[in-house]
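Asks: next comes the sequence, and after it the predicted model I'd like to discuss.
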Amino acid sequence: MKPEILELVEIIQLEVGAFEALLETLTREQVGLVTQDIGVVEEAVATQQTLVERARALEAARVKIVERLSEGQEIDPEAVTLRALIERVADPEAQQLREMREQLLALQEDIRRVNQHNSALVKQSMKYVDKSLQILTGSGPSTGVYGQSGKVDAKSVPRTVMNQVA
């Protein structure tokens, strides 16, 4: 096996590990969001930042290796993809790279799905907080109350739970 191929396999394995750790961290964040455990959420976000930086560095290293491998394969280095490279590599290595590529794609899809779910949970929590603040401060849309005439009196003092002494 070529040393570049071995290096590529090693980097892709590290990428898979980084994506698996990221998926695990996103799942922990999801649990923290559901249970409203801010400590867990903060820890998960900090870990995610570290893992994303690691994944970026690994991706950059992988791209460099793929470009080096493409030089001898008559592939345009600007347009080279892992899939195109796999088609040009001998079978035992190609099969291993193909499986790792599929694993990376599956992990990326899982990460996207969990991240979307977490985003929806955050948005739902923000709406809940906004609504609670509106109720507590009386700053929500004024619906008014019925006056003596039977008509809605919009000038009435809004209901509020909080004391708004200036």
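Replies: Done, it's in. Numbers count the residues shown, from 1 in each chain.

Asks: retrieve the pLDDT associated with the closest residue to residue 114 other than its chain neighbours.
Replies: Nearest residue to residue 114 in three dimensions, chain neighbours excluded: residue 26, at 4.5 Å (CB to CB, 6 or more residues apart in numbering). All C-beta spots, glycine's among them, are computed from the backbone N, C-alpha and C. According to the prediction, residue 26 has pLDDT 95.

Asks: what about residue 26, neighbour count?
Replies: 22 (other CB atoms under 10 Å).

Asks: host element of the residue nearest to the spatial centre of the chain?
Replies: By CA atoms, centre = their mean, the chain has its centre lying nearest to residue 115, at 3.9 Å. For residue 115, the host element (DSSP states H and E) is helix 91-137.

Asks: what's the per-residue pLDDT of the residue of the chain positioned farthest from its centre here?
Replies: Computed with CA atoms, centre = their mean, the residue of the chain farthest from its C-alpha average is residue 149, at 55.8 Å. pLDDT for residue 149: 75.

Asks: next, it: phi, psi?
Replies: Main-chain torsions, residue 149, degrees, to the nearest 10: phi -80, psi -10.
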